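In: Kindly return the folded structure for what I paste below:
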Amino acid sequence: MRLLLLLDRLAFWLFFAGHYRRKFGAYGRNVRWGAHGHRLVIPRSVRISCPEKIFIGNNCQIDEGVYLQCHSEGEGIQIGDGSRINAHTHVLAFSRITLGNDVLIAPFSLLASGDHGHARADRAVMHQPYERSGPIVVGDGAWIGHGAKLLGGATIGRCSVVGAGAVVKGQFGDHSLLLGVPARCRR
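Out: As a prediction, the model looks like this:
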C-alpha cells in the first residue's frame, strides 16, 4: 500500500499536477481522489467530461465512481474549498452547478441541471436537443443525503440537510431540513 501511494505521489508531481492545472478550469491544492482520499492521481473509476468547465477548490475529496459531466454547451461545475463528493455520485451540468465550501454529498446522489428535450412528438427523446433546466446552488456547509436528487432550479441554503432519497427542486433557505418526494422543508 505504501509503495502504491509513493508511486501515486511521484506520478502526480512529475506529470499529472501540471496536466490537471492545464486541463481543468481550476484545480486547487490538495485535491484528493479515491475511496479514502489517499490518491492524488484521478482513478480510472472516476469519469470526467469537459474538464475545462470544472473548477475544483482547495482540499476537496472526490471518491471512486463519481461522474463529473459537463455538457459541451453547458455552464460548468464549481466545487468549493473543502467539499467532498462520495462514491457513485453523478453531477450533470448543463446549467451551472455550484457547490459551496465544505459541502458533503453522500453516495449515489444525483445533481442534474439539464433535461432531454421532448417537444417534438415525431422524434425519439434521445435524439432531441438537450435543454437547460436551471442552475443548482448548494450553500456552504450543506449535507446532501444518500441517493438524494437535486434537479435544475434547486437552491439549498447554508448548513442545510437534504435527507436520503429526497428529490429537490425549488429554493430553500439556510438551515433547512429537506425530506421527501418532492422535498419539503421540515424546519
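In: contacts, neighbours, all on C-alpha from now
Out: OK.
In: could you pull out the helices for the chain?
Out: In the chain, the helices defined using DSSP state H lie at 2-11, 17-23.
In: Residue 183 is nearest to which of the ones you listed?
Out: Checking those against residue 183 by C-alpha to C-alpha gives helix 17-23 as the closest, at 36.4 Å.
In: Show me the contact partners of the closest one.
Out: Outside helix 17-23, the residues that touch it by C-alpha atoms under 8 Å, 6 or more residues apart in numbering are 27, 51, 52.
In: Stretch 167-179 now?
Out: The contact list for stretch 167-179, computed with C-alpha under 8 Å, 6+ apart, reads 139, 148-164, 166, 180-187.
In: Can you tell me which of these are buried?
Out: Those of the contacts of stretch 167-179 that meet the buried threshold are 139, 148-164, 166, 180, 183-184, by 16 or more other C-alpha atoms under 10 Å.
In: ok, now which ones touch the closest residue to residue 169 other than its chain neighbours?
Out: Nearest residue to residue 169 in three dimensions, chain neighbours excluded: residue 154, at 4.5 Å (C-alpha to C-alpha, 6 or more residues apart in numbering). For residue 154, the contact set (C-alpha under 8 Å, 6+ apart) comprises 134, 135, 136, 137, 168, 169, 170, 171, 172.
In: rerun that using 7 Å as the cut-off
Out: Going by C-alpha atoms under 7 Å, 6 or more residues apart in numbering, residue 154 touches 135, 136, 137, 168, 169, 170, 171.
In: Next one: it relative to residue 16, how far apart?
Out: Using C-alpha to C-alpha, to the nearest Å, residue 154 is found at 34 Å from residue 16.
In: mind listing what the residue positioned nearest the centre of the chain touches?
Out: Nearest to the mean C-alpha position of the chain, counting by C-alpha atoms, centre = their mean, stands residue 91 at 4.1 Å. Residues in contact with residue 91 (C-alpha under 7 Å, 6+ apart) are 67, 68, 69, 110, 111, 112.
In: The fifth one contacts residue 95, correct?
Out: Translated: residue 111. No. Residue 111 lies out of contact with residue 95 (C-alpha atoms under 7 Å); the separation is 11.0 Å.
In: Look up the residues that both of the two are in contact with.
Out: Residues touching both residue 111 and residue 95 (C-alpha under 7 Å, 6+ apart): none.
In: Would you mind putting the helices of the chain into TSV with distance to residue 31 and mean neighbour count alongside?
Out: Compiled in TSV, those are given as follows (distance: least, C-alpha to C-alpha, whole Å; neighbours: other C-alpha atoms under 10 Å):
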stretch	distance to residue 31	mean neighbour count
helix 2-11	12	13
helix 17-23	10	14
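In: Out of those helices, which gets the lowest mean score?
Out: Lowest mean pLDDT of the helices of the chain: helix 2-11, a mean of 87.
In: CA atoms only: put that helix into PDB for me.
Out: Presented in PDB, the C-alpha positions along helix 2-11 are these (Å, rounded to 0.1, in the frame of the first residue of the first chain):
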ATOM      1  CA  ARG A   2       2.800   2.500   0.900                       C
ATOM      2  CA  LEU A   3       4.600   1.700  -2.400                       C
ATOM      3  CA  LEU A   4       1.400   2.400  -4.300                       C
ATOM      4  CA  LEU A   5       0.900   5.700  -2.500                       C
ATOM      5  CA  LEU A   6       4.500   6.700  -3.200                       C
ATOM      6  CA  LEU A   7       4.100   5.900  -6.900                       C
ATOM      7  CA  ASP A   8       0.900   7.900  -6.900                       C
ATOM      8  CA  ARG A   9       2.600  11.000  -5.500                       C
ATOM      9  CA  LEU A  10       5.600  10.600  -7.800                       C
ATOM     10  CA  ALA A  11       3.400  10.300 -10.900                       C
END
